[in-house]
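Q: model the following, please.
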Amino acid sequence: MKNILLIAVDEWRYWLRSHVALSAMFIFFSLILITSILTTFRMDAENHLRTQQQDEAEEAFLAQPDRHPHRMVHYGHYLFRAPTPLAAFDPGLDPVTGQSIFLEGHRQNTVMFAESAASAEMGGLSWLNPAMVYQLFAPIVIILLGHGSIAREREAALIVPLLAMGISGRTLVAGKFLALLSFTLCLLIPLIGSCAVALSTGATTPAILSLAGVYGTYLTIWALLTLLASTLIKKRSNVLATMTAFWLGCSLVLPSAAVNIATDVKPIASKIESDMILHADLRKLGDGHNANDEAFKQLKSDLLKKYNVTRVEDLPVNFRGVVALESEQKLTTVLNRYAASRILAEAQQEDTIRGYGWLTPTLAITFASRSIAGTDLAHYHRFQAEAETIRFAFVQKLNRAHAAKLSYEDDISRNKNEASSRRARVDASNWQVLDEFQFQTADLSARLANAFSSIASLLAWLILSLAALFWRAARIKP
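A: Numbers count the residues shown, from 1 in each chain. As a prediction, this is how the structure comes out:
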C-alpha cells in the first residue's frame, strides 16, 4: 500500500509541474464555474418568471366578469412548467420542449414557447451547461492528464528499474489509478457545489448524491480507459491520439448516429398527418356546439324519458349544457387515445437511443443525468398529462354550470338582443373551477427507476474497463 501511495503522490507531483495539465485544469474549472453561474441565474430567473406568469394567468381567469359559461371554456387558461430544482445543473430537454400550454375546450394544445433567451445572452455558447461540460469536456481533461501515466515511464526506460525493485505491474497501475481517481473526485467538487445551491429551491441531498454518484462513475470509466490505453500503447502521442479518437466517437459520432438510427427505426408521424387523422375521428363524434346534431339524438331521447317530459324546454337541466358535457367526454377520450399513442412513440424512440448507452458511456450519462435531475422526456410527458387533467376538470365544471345554471330558453335566445345576451350569462363566482397547479419533480425512487438502464450501462462499462485494466496490469513489460 505504501508503494501505491508513493506512486500516486509522484504522479500528482508530475501533474503540478506540467503546464499542460495545469492549463487543462484551469480551463475546465473556469468553464464549469462560468456555465454553473450563468445556468443557475438563468434557471432562477425562469422559475420566478414562470411562477409569476402562472399566478397572473389564474388571476386573469378568475377576474372575468359574468359571461356565458361556454365563452369561458374558449377563454381558456395557461399552465407554466417551472424548472426543476436540479435544472440549474442539467436543464435537459427544458430549453427545447417548451414551457407553457394553453388549455381550452375541445382540444389538446401542444406545449409551446421553448426558451430562446439563452441564445441571445451567450451566443454560440448557449447550448453549454454544467452537465454538458462534465459529459463532454471532463473526459478530455482526464485523457490529457492520464494518457502518459504508463507510456511515459516506458519512454523514460523506468519500467525495468521499477519491476526490478519488486514493484509489480498491478502496483504501478494501482498507484497511477489512485492519482487519477483522486483527481476525478476533485472534478466533482464544482458539481456538488452547483447542485447544493438547488437545495434552497427544493432539491434533496439524496438526489444530489445520486447525481454525483453517476458522474463519478462516468469519469472513473474514462480514467480506467485512459490508463488501459496507456498500458497497451507504447508512445504517449499514440495514446493521446487513440483516446482522442475514442472520445470523438463516443461523445459526438455515436450519439448523433443513435439519434438518426432511432428516427429511422422508430419514426413518429408528423403533426399535420396526425391532426388530419385525429380530426377525421373527431368529426364522427358530432358537433358539441349543435344540440340538434344526429350524434346526440339518443342522448336527447334518454333525457326526455328519464325526466318524463316531451320537450327539451321542459327538462330541469339545460340540454345544450348536457350536450357540451357529453361531447367533451367523448372528445377527450379520443384525444387521450391519440396523445397516449404519440407519447408511446416518443418513449420508444427514446428507448432506442438510450440502448446505445451500452456502446458509449456518454449517452448513458446523458440519460441518467436528465432522469435524476427531472429534466427528461418522462417529466415532459408528465407535465402534459397533468395539464390535460386540469383542462378536462375545469372545462367540465364550466359545462356543468352551463347545464345547471342557465335555462335552455335563455341559452337559445342569447343572440337576439342585448337583454337576451345578458340573461344568458352566469355569475362570475362560477369561475372558481381551477385546480391549483405547481409542477413538481417525481420522487427520487421513480427518477432512479427511469434511469435504471442507463445506470446499468455505466456500471457495465465500469466493471469491464476495471477488469480489462486489472488483466493488463499483470502483463506489463518494458
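
Q: list the buried residues for stretch 465-473?
A: Residues of stretch 465-473 classed as buried by neighbour count (16 or more other Cβ atoms under 10 Å): 465, 468, 469, 472, 473. Glycine gets a C-beta too; all of them are placed from N, C-alpha and C.

Q: tabulate these (CSV), appending pLDDT and distance to residue 203.
A: CSV is the format used below for the buried residues of stretch 465-473 (pLDDT from 0 to 100; distance: Cβ to Cβ, whole Å):
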residue, pLDDT, distance to residue 203
465, 95, 31
468, 94, 36
469, 92, 35
472, 89, 40
473, 85, 39
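
Q: okay, and which of the residues you listed map to helices?
A: Applying DSSP state H to the buried residues of stretch 465-473, the entries found in helices are 465, 468, 469, 472, 473.

Q: okay, now the closest residue to the first one other than its chain neighbours: neighbour count?
A: Counting by Cβ to Cβ, 6 or more residues apart in numbering, residue 465 lies nearest to residue 224, which is 3.9 Å off, once chain neighbours are set aside. Burial of residue 224 is recorded as 26 neighbouring residues (other Cβ atoms under 10 Å).

Q: relative to residue 346, how far out is the spatially most central residue of the chain?
A: What sits nearest the mean C-alpha location of the chain, by Cα atoms, centre = their mean, is residue 376, with 1.9 Å. Going from residue 376 to residue 346 by Cβ to Cβ, to the nearest Å gives 11 Å.

Q: and the helix ranked longest in the chain, what other elements does it pack with?
A: If you go by DSSP H, the chain has its longest helix at helix 19-62. On a contact count with 3 or more Cβ pairs under 8 Å, 6 or more residues apart in numbering; DSSP states H and E, helix 19-62 meets helix 2-17, strand 77-80, helix 117-122, helix 130-132, helix 138-146, helix 169-196.

Q: so residue 101 is in which element?
A: Per DSSP states H and E: residue 101 is located in strand 100-104.

Q: now for whatever helix or strand comes next after that strand, which elements pack on it?
A: Using DSSP H and E, the helix or strand that follows strand 100-104 towards the C-terminus is strand 107-108. Other helices and strands packing on strand 107-108, by 3+ Cβ pairs under 8 Å, 6+ apart, are helix 319-355.

Q: ok, the residue nearest to the centre of the chain touching residue 370?
A: Yes: the pair residue 376 / residue 370 is scored as a contact, 3.9 Å apart, by Cβ atoms under 8 Å.

Q: mutual contacts of the two, please.
A: 92, 93 (Cβ atoms under 8 Å, 6 or more residues apart in numbering).

Q: count the neighbours of residue 421 for me.
A: 14.

Q: which ones are touching it?
A: Applying Cβ under 8 Å, 6+ apart, the residues near residue 421 are 414, 415.

Q: circling back: give the rounded mean pLDDT of the longest helix of the chain.
A: Throughout helix 19-62, pLDDT has a mean value of 87.

Q: try stretch 406-422
A: Stretch 406-422 comes out at a mean pLDDT of 87.

Q: swap in stretch 275-288?
A: 84.

Q: what of stretch 156-163?
A: For stretch 156-163, the per-residue pLDDT averages 73.

Q: got the contact list for the strand holding residue 101?
A: By Cβ under 8 Å, 6+ apart, strand 100-104 touches 50, 53, 73-81, 109-113, 383-384, 387, 390-391, 394-395.

Q: which of those residues are buried?
A: For the contacts of strand 100-104, a neighbour count by 16+ other Cβ under 10 Å gives the buried set as 50, 53, 73, 76-81, 111, 383-384, 387, 390-391, 394-395.

Q: give me the nearest residue to residue 50, chain neighbours excluded.
A: residue 80 (4.0 Å).

Q: from residue 187, how far out is that neighbour?
A: Distance from residue 80 to residue 187, by Cβ to Cβ: 35 Å.

Q: then residue 52?
A: From residue 52 to residue 187 the distance is 37 Å (Cβ to Cβ).

Q: which one's more surrounded, the two?
A: Using other Cβ under 10 Å, the more surrounded residue of residue 52 and residue 187 is residue 187, with 19 against 11.

Q: what residues are up against the more buried one?
A: When contacts are counted by Cβ under 8 Å, 6+ apart, residue 187 touches 28, 134, 138, 141, 142, 219.

Q: let's see 10 Å
A: Under the criterion of Cβ atoms under 10 Å, 6 or more residues apart in numbering, the contact list for residue 187 reads 25, 28, 29, 32, 134, 138, 141, 142, 215, 216, 219.

Q: how many other residues sit next to the second one?
A: Using other Cβ under 10 Å, the number of residues around residue 28 comes to 20.

Q: now it. Nearest residue, chain neighbours left out?
A: Closest to residue 28 by Cβ to Cβ, 6+ apart is residue 141, at 4.8 Å.

Q: repeat for the fourth one
A: Nearest-residue entry for residue 32: residue 190, 4.6 Å, with adjacent residues in sequence omitted and distances by Cβ to Cβ, 6+ apart.

Q: that neighbour is in contact with residue 29, isn't it?
A: Yes: taking Cβ atoms under 10 Å as the definition, residue 190 is a contact partner of residue 29 at 6.7 Å.

Q: comparing those two, which shows the higher neighbour count?
A: Taking neighbours as other Cβ under 10 Å, residue 190 and residue 29 compare with residue 190 leading, 20 against 15.

Q: Provide a list of residues in contact with that one.
A: 28, 29, 31, 32, 33, 35, 36, 89, 130, 133, 134.

Q: what distance do you get for it to residue 329?
A: Distance from residue 190 to residue 329, by Cβ to Cβ: 52 Å.

Q: which intervals of the stretch 51-200 of the chain have sub-threshold pLDDT?
A: Residue ranges of the stretch 51-200 of the chain with pLDDT under 70: 113-127, 160, 164.

Q: redo the helices and strands packed on helix 19-62 as TSV? Include distance to residue 414.
A: Formatted as TSV, these follow (distance: least, Cβ to Cβ, whole Å):
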stretch	distance to residue 414
helix 2-17	80
strand 77-80	23
helix 117-122	44
helix 130-132	55
helix 138-146	66
helix 169-196	57
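
Q: and the residue of the chain most remote from its centre, what does it touch?
A: Within the chain, residue 310 marks the point farthest from the mean C-alpha position, 56.0 Å out by Cα atoms, centre = their mean. Going by Cβ under 10 Å, 6+ apart, residue 310 touches residue 304.

Q: outline the domain layout of the chain.
A: Structural domains annotated on the chain: 2-265+361-373+438-473, 271-344+386-431, as defined by automatic domain parsing.

Q: which helix or which strand is home to the residue nearest to residue 465?
A: With DSSP H and E as criterion, residue 224 is part of helix 205-232.

Q: tell me what that helix is packed against?
A: helix 138-146, helix 151-155, helix 169-196, helix 236-248, helix 361-373, helix 444-450, helix 452-473 (3 or more Cβ pairs under 10 Å, 6 or more residues apart in numbering; DSSP states H and E).

Q: mind doing that once more with 7 Å?
A: Where contact means 3 or more Cβ pairs under 7 Å, 6 or more residues apart in numbering; DSSP states H and E, helix 205-232 is packed against helix 138-146, helix 169-196, helix 236-248, helix 361-373, helix 444-450, helix 452-473.
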